[in-house]
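[1] I would like the atomic coordinates for the input below:
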Amino acid sequence: MLVEKAPILMPAFQAQDPAGTGQVSYDVLQDVLISNDMELNDQVLITIMRRFDLKKDGHINYQHFLKLAEVS
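    Residues are numbered from 1 along each chain as shown. This next block holds a predicted model:
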């Protein structure tokens, strides 16, 4: 599903990141995924946050997250 949605998710994340930090909060992650028909349960979202919140500050690097879609 991520492979299919990656081309529309990147611009959606970028729109929520006007400073260009490459990072979004948990709430933004959830909102972007839901608004693009990727409603994930809380456990999956928590797992994503644990994996991609490298600084442990409640933000994920969405570019790293979307790199998962590049795996063939």
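
[2] Just the CA coordinates for the helix or strand Leu33 falls within, please, in CSV.
    For Leu33, the host element (DSSP states H and E) is helix 26-35. The C-alpha trace of helix 26-35 is given here as CSV (Å, rounded to 0.1, in the frame of the first residue of the first chain):
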residue,chain,number,x,y,z
TYR,A,26,2.6,12.0,15.1
ASP,A,27,-0.7,13.9,14.6
VAL,A,28,0.3,15.1,11.2
LEU,A,29,1.5,11.6,10.2
GLN,A,30,-1.8,10.2,11.2
ASP,A,31,-3.8,13.0,9.5
VAL,A,32,-1.9,12.6,6.2
LEU,A,33,-2.2,8.9,6.2
ILE,A,34,-6.0,9.0,6.9
SER,A,35,-6.6,11.7,4.3
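
[3] What helices and strands are in contact with it?
    When contacts are defined as 3 or more Cβ pairs under 8 Å, 6 or more residues apart in numbering; DSSP states H and E, helix 26-35 sits against helix 2-15, helix 42-52, strand 59-61. C-beta coordinates here come from the backbone N, C-alpha and C atoms, glycine included.

[4] For Val28, find the nearest of the ones you listed.
    The closest of the helices and strands packed on helix 26-35 to Val28 is helix 2-15. By Cβ to Cβ, the value is 7.6 Å.

[5] hang on, the earlier thing: could the helices and strands packed on helix 26-35 go into JSON lines alongside distance to Val32?
    Shown next, in JSON lines, are the helices and strands packed on helix 26-35 (distance: least, Cβ to Cβ, whole Å):
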{"stretch": "helix 2-15", "distance to Val32": "5"}
{"stretch": "helix 42-52", "distance to Val32": "12"}
{"stretch": "strand 59-61", "distance to Val32": "11"}
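
[6] and the ones you listed, which is most packed in?
    Mean neighbour count (mean count of other Cβ atoms under 10 Å) peaks for strand 59-61 among these, with a mean of 20.

[7] That concludes my questions; thank you for your assistance.
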